[in-house]
Structures are given as structure tokens and as C-alpha cells.
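Asks: structure of the sequence below:
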Amino acid sequence: MRTPYRNLGFLIGVFALASCAVGPNYHRPSAPVPAKYKEAEGWKPAEPRDAASNTPWWSAYNDPTLDDLEKQIDVSNQTLKQSEAAWRQAMAVVSAARAQLFPSIGATAQATRSRGASSGISSANGTTSTGTGTGTTTGTTGTTGTGTSTSTTTIPNGSSHPFNQFELTGTASWDLDVWGKIRRSIESDVANAQASEAEIAAARLSAQATLATDYIELRVADEQKQLLDDTVTAYKRSLQITQNQYKAGVAAKTDVITAETALEGAQSQEINVGVTRATLEHAIAVLIGKPAGDFSLPPAKLGDTVPVVPMGVPSTLLERRPDIADAERNMKAMNAQIGVAEAAYFPDLALQGSYGFASQMISHLVSAPNSLWSVGANLSDTLIDFGARSAQVREARAAYDSAVANYRQTVLTAFQQVEDELATLRILEQQYQVQEQATKSANLAVQLILNQYKAGTVAYTSVVTEQAIALTNATTLLSIRQSRLTASVALIQALGGGWDAASLGTQQGTAAQLAADRRPPD
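Replies: Residues are numbered from 1 along each chain as shown. Predicted structure coming up:
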């Protein structure tokens, strides 16, 4: 009786060894990559300071306060926590999918007490009662049946007396995944988990860049406030000079009014800077996970040097941008789904088996005479579905084509962003040099015209005009400096911030590090 099952096991082993995963194997499609960065040509920044590759990118700005703030993002930023939780969810999906490669084993225990109908059962000693049920039932003879089964239970003397029945059964089932449907699903889930990790890296880089930009703008607001403070002080001196000359009869009342107007306008601008600074301070508080009311930054000056970021060759950008890695992993996940859809064309083969015991006495339940067992294979297939499976395959292929287009568009956008920031930095550097000289000239003109006014050789309107020009030039210079610094942050972000796609799925990866940092203590 063992030979058929031995042959069945041999055939199943052959099927398993010969099985293959249907569907296309993944190969990364090509993407448009330039040979070099066009806008980098001719860019010779003054006093360059490279962002060190072995340190956090924001350290290139040499600002301890910024360093402390950036470190708090990994700990307290709620958007990053949300992305990290989504990654853990994706990893759990992978674990659940991998579990389908192994047999599913279960156990059941049952105890019943019943009495048969007296009209249908003989009351003679040792008679039997026959009942029917569904499922697979086997006796100690080793026969196997499916569908409706018949079980025979011996009833003690007197059919009117209740009797007990005890059963203990272990079951197992195993989908052999001959055509690779489960393996393709796992491949898709793993790629989705890696895409989720890339999304974490992108969210982290975005939060870091946003924080750095907000911090730069806040410090520029501090310097703008200082500039307007100095301007108000200078305007007050001019007003005092004008009032003295008016009292001496050498200046008109209109000069005094003009000086007062200029002073009040500068004071208004000085007050308005507080709105910008407060808003930026609140934004920084949210980025580091703190209530806006519990966070404040004292005024300080920002460094003048704009760091220079090592760019490398353009092809490395494909491995440095987390959004490109995200798009590429999504592409692989969609490719695997084609195999999942195509596997539906083929029959599904699964093994099923059970072994247990049944007896009217629990004390002798687990014994050889009371053993029951069954073993079998289940082969199922859909014969007619009116094109449903073909439609699912077309849907999967269309989703893959969409992912390919999204990947290539992401690559194009990435190179555009790098070129944009390179051009911005190169042009702003030239503008800054010209504007710096214009600001120096405007300040010198104010001193000269003010001396001429004191000597009575020019009208006060000339002084006001030169002061307004000087303030405008100083404000423009500060704005250009802000734009250069924020463009440097944008360039670092466009180049990936030192991230590497090779870290996906490793203990050095962004997701694994964040998960380790947030793991509760034992």
C-alpha cells in the first residue's frame, strides 16, 4: 500500500525541482543620462569649502546650532516617523508572503457526547451507528476518500444511552508554487519594501533640507533686522542734523518732515521682519517635533561662505537620489506582478494531509488502533474565465510600462534640478560680486552727500535719495547671499545628500537605523 504514495511523493519532487517562476525577469531599463553637467562648466567659486563625504552634509555650513537641530529630525520629526512605520508595515507584508512558501500545519481536538434515535438503531449489544458527513475521512486500513465520507462508531449496549466520542487530529497543507506565483509575489513585496525605505530616505532628506533652508532664512532675517536697526540709527542721526539746521534757520521744515518720513519707513520695515522670523521659527519647531510655543532661537549671524558640493559624474546620480531608487524599485515590483498575473494561467498544485486519533474513551485515545490518517494532492485550474486572466496580464504590463515612464521622468527631473541649482549658484556668484561693489559705492555716496548737506551745498532730498539707494543695495546684497546659501542646500538635496541606494535593505540603511533608534528599551 505504500508504493502509490511513494510514487506520488517522487512525482511531486520532480514537479518542485522542475518548477520555474513564470513572467519576465527584471532588468533595469535604460534612462537618459548626460555625459557631464553642462552648468558646472566655468564655475570657479571663491573660497570653496567641500562638504565632507564622511560627515553629515549640513556640517559644511559650520554652524553648531544647525547641527543640533538637524540631529533632532531623526528623533522627533513626525512625518519621518510616519514613513518609518509604513516601511515596517511593508516589511511585515514581505514576512507574511515568505511564510506561504512553507507548509501550513494545524491541530484540532474535539469531544462530543450524543445519543442515537431508538427507532433507527438496534439495541443489541455491540451494534453500530452509521452517519455521513463531508470532508476526507480515513480509517486504520489506510484508504482515502474525499467529498462525502462515512464513519462508523460502535455504540454501547442500549441505543437509548448517550455515548462519548473524542478526536485529536493534526492537519497540514502545502502549496508547491510550481509556477512561481508566490515567489513573484515575494519579489514584488520585497521591491515595495525597498521602495518604502527609499521613500523614508527621501522624506528624511527633504526634512533636513527644509530645516536648513528655514534656518538660513531665519538667520538672514536676523541680519536684515540688524541692517534695519543700523539704518534706523543712521536715520535718527540725519533727523537730528536736520532739526538742528532747521532751528538754526538754514533748513526748511520740509527737510525735517522728509527725514521723519524716512525714519518711520525704516522703523516699519524693521518691525515687519519680526513676522518673517517668527514664522520661520515656528516652522523649525514643527520640523524637529516640538510645539511652536515651546521653541525659540536667539538671534545670531550666519557664515558668509557658500559650501561647494562634490558632484561626481552624472551617472552616479542614479544611485544617489532616493526618489530615483523609489521609482526604480516600484518598477521592479510592477515587473514581478506580471509574473503573478501570468501564473494564473496554470493549475495550482497543493498537498494535503492529516493524522489523528478517534475513540470513545479519552484514556485510550492516542493508540495505534484508534489512528486515522489521510494524504492527497489537490490540482485546481480555471477552464473558462471569459478573458479575465488575459485582462489581468494586460493590466500588469500597463502598470509596468507606467512605472518605467515614471522612472525615466524622475531621472530627467533629477538632472534638471541639479543643472538648475548649478546655474543658480554660478550666476548668483557673479551677481553677488557686482552687488557687493554697488553696496560699497552706495554707502560711500551716503557719507559724501551727507557731508555736502551739512556744508549747505545740496538739498536734503539728495541725502534721502542716497540713503534709500544704499538701503536697497544692502538689502539686495543680503537677499543674494540668502539665495546662494539656499541654492547650495537645494544642490545638496538634488545630489542626494550623500545617500546611496546600495544601503537599501541593510543594517546601515536609513530605515534600519531609524527603527533601531526608536526601538523601546528592553
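Asks: is it fair to say residue 352 lies in a strand?
Replies: Yes. Residue state for residue 352 (DSSP: H, G, I helix; E, B strand; the rest coil) corresponds to a strand.
Asks: with adjacent residues omitted, what lies nearest to it?
Replies: residue 173 (4.9 Å; CB to CB, 6 or more residues apart in numbering). Yep, even glycine has a C-beta here, placed from its N, CA and C like the rest.
Asks: next, count neighbours for the one you found.
Replies: 14 (other CB atoms under 10 Å).
Asks: what do you get for residue 66?
Replies: 20.
Asks: does it really touch residue 58, like I thought?
Replies: Yes. Between residue 66 and residue 58 there is a contact at 5.7 Å, judged by CB atoms under 8 Å.
Asks: now for the residue nearest to residue 215 when sequence neighbours are not counted: which residues touch it?
Replies: Once flanking residues are discounted, residue 215 sits nearest to residue 66: 5.3 Å by CB to CB, 6+ apart. Residue 66 makes contact with 58, 212, 215, according to CB atoms under 8 Å, 6 or more residues apart in numbering.
Asks: in contact with the residue most central in space within the chain, which residues?
Replies: Centrality entry for the chain: nearest residue to the mean C-alpha point is residue 199, 2.3 Å, by CA atoms, centre = their mean. Applying CB under 8 Å, 6+ apart to residue 199 gives the contacts 83, 86-87, 322, 326.
Asks: re the thing from before, list the contacts of the residue nearest to residue 352.
Replies: Neighbours of residue 173 in contact, by CB under 8 Å, 6+ apart: 103-104, 350-353.
Asks: can you give me the buried ones in the strand or helix carrying residue 86?
Replies: Counting by DSSP states H and E, the element that carries residue 86 is helix 78-99. Buried residues in helix 78-99, counted by 16 or more other CB atoms under 10 Å: 80-81, 83-84, 86-87, 90-91, 93-94, 97.
Asks: contact partners of it?
Replies: Contacts for helix 78-99 (CB under 8 Å, 6+ apart): 73-74, 182, 185-186, 189-190, 192-193, 196-197, 199-200, 203-204, 207, 289, 511, 514-515, 518.
Asks: now with 7 Å?
Replies: Applying CB atoms under 7 Å, 6 or more residues apart in numbering, the contact partners of helix 78-99 are 73-74, 185-186, 189-190, 192-193, 196-197, 199-200, 203-204, 207, 289, 511, 514-515.
Asks: using PDB, write out every CA atom in it.
Replies: C-alpha atoms of helix 78-99 as PDB (Å, rounded to 0.1, in the frame of the first residue of the first chain):
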ATOM      1  CA  GLN A  78       6.500  63.100  12.900                       C
ATOM      2  CA  THR A  79       6.500  62.900   9.100                       C
ATOM      3  CA  LEU A  80       9.600  60.800   9.200                       C
ATOM      4  CA  LYS A  81       8.000  58.500  11.900                       C
ATOM      5  CA  GLN A  82       5.000  58.000   9.600                       C
ATOM      6  CA  SER A  83       7.300  57.000   6.700                       C
ATOM      7  CA  GLU A  84       9.300  54.700   9.000                       C
ATOM      8  CA  ALA A  85       6.000  53.000  10.200                       C
ATOM      9  CA  ALA A  86       5.000  52.500   6.600                       C
ATOM     10  CA  TRP A  87       8.300  50.800   5.900                       C
ATOM     11  CA  ARG A  88       7.800  48.400   8.900                       C
ATOM     12  CA  GLN A  89       4.400  47.600   7.500                       C
ATOM     13  CA  ALA A  90       5.900  46.800   4.100                       C
ATOM     14  CA  MET A  91       8.500  44.500   5.800                       C
ATOM     15  CA  ALA A  92       5.700  42.700   7.600                       C
ATOM     16  CA  VAL A  93       4.000  42.100   4.300                       C
ATOM     17  CA  VAL A  94       7.200  40.500   3.000                       C
ATOM     18  CA  SER A  95       7.400  38.200   6.000                       C
ATOM     19  CA  ALA A  96       3.800  37.100   5.500                       C
ATOM     20  CA  ALA A  97       4.400  36.500   1.800                       C
ATOM     21  CA  ARG A  98       7.500  34.400   2.500                       C
ATOM     22  CA  ALA A  99       5.600  32.200   5.000                       C
END
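Asks: what's the spacing between the helix or strand just after it and its chain's center?
Replies: Sequence order places strand 104-114 as the next helix or strand after helix 78-99, per DSSP H and E. Here strand 104-114 is found 46 Å from its chain centre; the criterion is CA atoms, centre = their mean, to the nearest Å.
Asks: what packs against strand 104-114?
Replies: On a contact count with 3 or more CB pairs under 7 Å, 6 or more residues apart in numbering; DSSP states H and E, strand 104-114 meets strand 163-175.
Asks: taking strand 104-114 as reference, get the angle to the strand it packs on.
Replies: 160 degrees (axes from the mean of the first three to the mean of the last three CA atoms, to 10 degrees).
Asks: buried residues in strand 163-175, which are they?
Replies: In strand 163-175, counting by 16+ other CB under 10 Å, buried: 163, 165-169, 171, 174-175.
Asks: next one: stretch 64-74
Replies: Across stretch 64-74, burial judged by 16+ other CB under 10 Å covers 66, 69-70, 73-74.
Asks: with pLDDT and distance to residue 252 added, can I get the buried residues of strand 163-175 in TSV?
Replies: Compiled in TSV, those are given as follows (pLDDT from 0 to 100; distance: CB to CB, whole Å):
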residue	pLDDT	distance to residue 252
163	83	124
165	88	118
166	87	117
167	90	114
168	89	113
169	92	111
171	92	106
174	90	103
175	89	99
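Asks: in stretch 274-291, what counts as buried?
Replies: Buried residues in stretch 274-291, counted by 16+ other CB under 10 Å: 277, 280-289.
Asks: ignore the last one, stretch 446-465
Replies: So for stretch 446-465, counting by 16+ other CB under 10 Å, buried means 446, 449-450, 453, 458-460, 463-464.
Asks: which ones among these map onto helices?
Replies: Those of these mapping onto helices are 446, 449-450, 453, 460, 463-464, per DSSP state H.
Asks: reformat the residues you listed as TSV; add pLDDT.
Replies: As requested, those are exported to TSV (pLDDT from 0 to 100):
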residue	pLDDT
446	93
449	93
450	90
453	89
460	88
463	91
464	91
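Asks: mind putting these in a markdown table, distance to residue 225 included?
Replies: A markdown table is the format used below for these (distance: CB to CB, whole Å):
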| residue | distance to residue 225 |
| --- | --- |
| 446 | 20 |
| 449 | 26 |
| 450 | 24 |
| 453 | 28 |
| 460 | 27 |
| 463 | 24 |
| 464 | 22 |
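Asks: that concludes my questions; thank you for your assistance.
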